[in-house]
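S.K.: okay, structure incoming, though there's no sequence with it:
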């Protein structure tokens, strides 16, 4: 479990330290204060020196199946950098795990495209016009990209150094392709607002739970809240093609999971992910979306219990004060030490910079009950 995190040079954050972190961390704050950027930073730290998931998740948030232009790719890169006044660009993510600090510094050297994208980066005031390295220009293979025959455009040379040694570098190019595989530092999963609507993701979770004989525990949890749910199945269509995951109702009939509301779909997706990704870090943006207030407390209880049982470390964002109250109420079922392992972090922007209020579940509950404190 990561005990603290320092973010330097990423998006809005010149330097921000989150300490302590717990088993479950709820990130609160106004719009555009950088809550999602914190989730991205946690994920980036977990990526370590593996650049591919960093590009696919924090950098683009999976907005594109593939980039439509090299300028979009450059713009996404620039949006991730806090200080763009000089080159190379730098960002770093440092966290403590098992008493040892693990830091990853990213050095980004843009190629000539940057000065084409923004003429202010042409040779002046110490800035240089980076030459295109001919070795990075190559024809894209039709076997791994939908851009057969298109010449790649180099965007930047990206170097990631672990604990100030053993740098790993790769060329970020357009069209984007998988770079030499580097194992992530820590298992992690990023869940955005609409991730649960992906049928491919739902099928993968169902299949993995089924293979590992873990499906029954998810069914039991969901049945306690949605009594009509008796199970899940996935029966191929008559022509043998794959069908979506279906819910087996208590009367034996079946309906595809997407015929149910967002709350049911998201519940299966999230609880299934906790069980499936045991021992991982899971970042969830806007966790409350799709849940009716009457289902929130039960959902919160299951989130807390399932995360702790599966040693999952959670990082959550929400704007919903009802959800926060239900989460804190559900946390009262825990013992004192477990409640200390739930942190509520409120990010505020002041003239002197970003400020953080970091309190545990018990203190947060007292602040709400006794002072009606606005935690958000």
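M.R.: Structure's in. What do you need? As the structure is a computational prediction, the values presented were derived from the model and not from experiment. Residues are numbered from 1 along each chain as shown.
S.K.: could I get the full set of helices for this structure?
M.R.: For the chain, the helices defined by DSSP state H cover 35-47, 51-54, 70-80, 113-117, 199-211, 215-225, 262-276, 293-309, 321-331, 336-340, 361-371.
S.K.: deepest of those helices, which one?
M.R.: Comparing the helices of the chain by mean neighbour count (mean count of other Cβ atoms under 10 Å), helix 35-47 comes out on top with a mean of 25. Just so you know, the C-beta spots here come from the backbone N, C-alpha and C atoms, and that holds for glycine as well.
S.K.: so how far is that one off the chain centroid?
M.R.: The chain centre lies 6 Å from the centre of helix 35-47; the measure is Cα atoms, centre = their mean, to the nearest Å.
S.K.: show the average pLDDT along it.
M.R.: What helix 35-47 shows for mean pLDDT is 96.
S.K.: swap in stretch 209-226?
M.R.: 90.
S.K.: circling back: so which of the helices of the chain is nearest residue 179?
M.R.: helix 51-54 (5.6 Å; Cβ to Cβ).
S.K.: starting at the chain centroid, how far to that closest one?
M.R.: Centre-to-centre, helix 51-54 and its host chain are 12 Å apart (Cα atoms, centre = their mean).
S.K.: circling back: now the helices of the chain in TSV, with distance to residue 12?
M.R.: Formatted as TSV, these follow (distance: least, Cβ to Cβ, whole Å):
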stretch	distance to residue 12
helix 35-47	6
helix 51-54	18
helix 70-80	11
helix 113-117	21
helix 199-211	29
helix 215-225	37
helix 262-276	27
helix 293-309	28
helix 321-331	23
helix 336-340	29
helix 361-371	24
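S.K.: ok, the nearest residue to residue 8 once chain neighbours are set aside to residue 328 distance?
M.R.: Closest residue to residue 8 apart from its sequence neighbours, by Cβ to Cβ, 6 or more residues apart in numbering: residue 92 at 4.6 Å. For residue 92, the distance to residue 328 (Cβ to Cβ, to the nearest Å) stands at 33 Å.
S.K.: can I see the domain layout of this structure?
M.R.: Domain assignment of the chain by automatic domain parsing yields the ranges 49-185, 190-371.
S.K.: where does pLDDT dip in the stretch 251-376 of the chain?
M.R.: The model of the stretch 251-376 of the chain has no residue with pLDDT under 70.
S.K.: could you dump the domains of the chain into CSV with distance to residue 42 added?
M.R.: Output for these, formatted as CSV (distance: least, Cβ to Cβ, whole Å):
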stretch, distance to residue 42
domain 49-185, 8
domain 190-371, 5
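S.K.: and residue 3, which of those is closest to it?
M.R.: For residue 3, the closest of those is domain 49-185, at 4.6 Å, according to Cβ to Cβ.
S.K.: first-to-last residue distance for that closest one?
M.R.: 7 Å (Cα to Cα, to the nearest Å).
S.K.: same check on stretch 41-56?
M.R.: Terminal-residue distance, stretch 41-56 (Cα to Cα): 13 Å.
S.K.: measure how far it is from the centre of its chain, please.
M.R.: Counting by Cα atoms, centre = their mean, stretch 41-56 comes out at 10 Å from the chain centroid.
S.K.: one more: stretch 319-331?
M.R.: How far stretch 319-331 lies from its chain's middle: 21 Å, per Cα atoms, centre = their mean.
S.K.: same deal with stretch 44-60?
M.R.: Distance of stretch 44-60 from its chain centroid, counting by Cα atoms, centre = their mean, is 10 Å.
S.K.: what does that stretch contact?
M.R.: Residues outside stretch 44-60 that contact it (Cβ atoms under 8 Å, 6 or more residues apart in numbering) are 2, 5, 10, 40-41, 43, 62, 76-77, 80, 93-95, 102, 104, 158, 160, 162, 168, 170, 172, 176, 178-179, 181-188, 190, 281.
S.K.: right, and the domains of the chain - which one's nearest residue 19?
M.R.: The nearest among the domains of the chain, by Cβ to Cβ, is domain 190-371 at 7.5 Å.
S.K.: quick one: end-to-end length of that closest one, please.
M.R.: End-to-end distance for domain 190-371: 34 Å, by Cα to Cα.
S.K.: give the contact list for the residue nearest to residue 101 when sequence neighbours are not counted.
M.R.: Nearest non-adjacent residue to residue 101, counting by Cβ to Cβ, 6+ apart: residue 94, 6.2 Å away. Residues in contact with residue 94 (Cβ under 8 Å, 6+ apart) are 5-6, 8, 45, 101-104.
S.K.: next one: residue 16
M.R.: The contact partners of residue 16, taken as Cβ under 8 Å, 6+ apart, are 6-8, 38, 354, 356.
S.K.: which pair in those spans the largest distance?
M.R.: Farthest apart among these by Cβ to Cβ are 8 and 356. That separation is 15.1 Å.
S.K.: the residue nearest to residue 357 when sequence neighbours are not counted and residue 318, how far apart?
M.R.: Setting aside the residues directly before and after it, residue 357 is nearest to residue 346 in space (Cβ to Cβ, 6+ apart), at 4.4 Å. Applying Cβ to Cβ, the value for residue 346 to residue 318 is 12 Å.
S.K.: who touches both of these two?
M.R.: residue 28.
S.K.: just to revisit the earlier point, correct me if wrong: the residue nearest to residue 357 contacts residue 28.
M.R.: Yes: at 4.6 Å, residue 346 counts as touching residue 28 under the criterion of Cβ atoms under 8 Å.
S.K.: which neighbours do these two share?
M.R.: In contact with both residue 346 and residue 28: 375-376, using Cβ under 8 Å, 6+ apart.
S.K.: just the strands from the stretch 101-250 of the chain, written as ranges.
M.R.: 153-162, 165-174, 188-191, 229-233, 246-249 (DSSP state E, counting those that start in this stretch).
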